[in-house]
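Student: Only the shape, not the letters, is given here:
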């Protein structure tokens, strides 16, 4: 069985864009996919992040796909009902649900609530948060615990993204 695919929300992508480490997503054994809606959210952020995002697409660290499958469009519209999620989150969820991909997103509680609101019950999506992706990279030998901890400190000190751990070693 080949690698599974991971469709990523803007929050996870932006965490790696901020520290200019899209190479880590490219080195992950599972391909990362973004949607055109996620790309638009990144474009609205910062020019340097947009440039890094485009460079990651150019070298194949990410694959961008349009949400135009009728099933995904219908899910995208259903997920808008609760008005809890942005377009990027809804599109990533729709693709993950329709294609049985993992979903990389950091607000898993909001996702679970949104799924319940539109009548999707159980655990139809496997969710990977930013920290889960980093742990997978450590376990695969792509990133050391020390390197991951340096990233964690950078996120906390320079990018307002804080993990509730002292070290990634705590998660292994």
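Tutor: That came through fine. Keep in mind that this is a model prediction, so the values were computed, not measured.
Student: Can you check the distance spanned by stretch 120-128, start to finish?
Tutor: 19 Å (Cα to Cα, to the nearest Å).
Student: got it, and stretch 7-21?
Tutor: Span of stretch 7-21 from end to end, Cα to Cα: 18 Å.
Student: same deal with stretch 7-24?
Tutor: 15 Å.
Student: Make 46 the starting number, not 1.
Tutor: With 46 as the first residue, the last one maps to stretch 52-69.
Student: Quick check: mean pLDDT of that stretch?
Tutor: For stretch 52-69, mean pLDDT rounds to 96.
Student: how distant is it from the center of its chain?
Tutor: Averaging C-alpha positions (Cα atoms, centre = their mean, to the nearest Å) puts stretch 52-69 7 Å from its chain's average.
Student: Show me which residues of it are buried.
Tutor: Using 16 or more other Cβ atoms under 10 Å as the burial criterion, the residues of stretch 52-69 that qualify are 52-64, 66-67, 69. Heads up, the C-betas are built off the backbone N, CA and C, glycines and all.
Student: List the buried residues for the lowest-mean-pLDDT helix or strand in the chain?
Tutor: Lowest by mean pLDDT, DSSP states H and E among the helices and strands of the chain is helix 153-162, with a mean of 72. Buried residues in helix 153-162, counted by 16+ other Cβ under 10 Å: 156, 159, 160.
Student: what about this structure, any weak spots by pLDDT?
Tutor: 46-48, 89-90, 162-163, 166-168 (pLDDT under 70).
Student: can we see that at 90?
Tutor: 46-49, 87-92, 123-131, 138, 142, 152-172 (pLDDT under 90).
Student: Tell me which stretches of it form helices.
Tutor: 55-63, 67-72, 81-88, 92-104, 115-124, 132-144, 153-162, 175-184, 190-203 (DSSP state H).
Student: Dump the ones you listed into a markdown table; add distance to residue 209 as well.
Tutor: Output for these, formatted as a markdown table (distance: least, Cβ to Cβ, whole Å):
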| stretch | distance to residue 209 |
| --- | --- |
| helix 55-63 | 15 |
| helix 67-72 | 21 |
| helix 81-88 | 25 |
| helix 92-104 | 25 |
| helix 115-124 | 27 |
| helix 132-144 | 21 |
| helix 153-162 | 13 |
| helix 175-184 | 9 |
| helix 190-203 | 11 |
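Student: looking at those, which is closest to residue 216?
Tutor: helix 175-184 (5.1 Å; Cβ to Cβ).
Student: Report the spatially closest residue to residue 54, excluding sequence-adjacent ones.
Tutor: Nearest non-adjacent residue to residue 54, counting by Cβ to Cβ, 6 or more residues apart in numbering: residue 150, 4.1 Å away.
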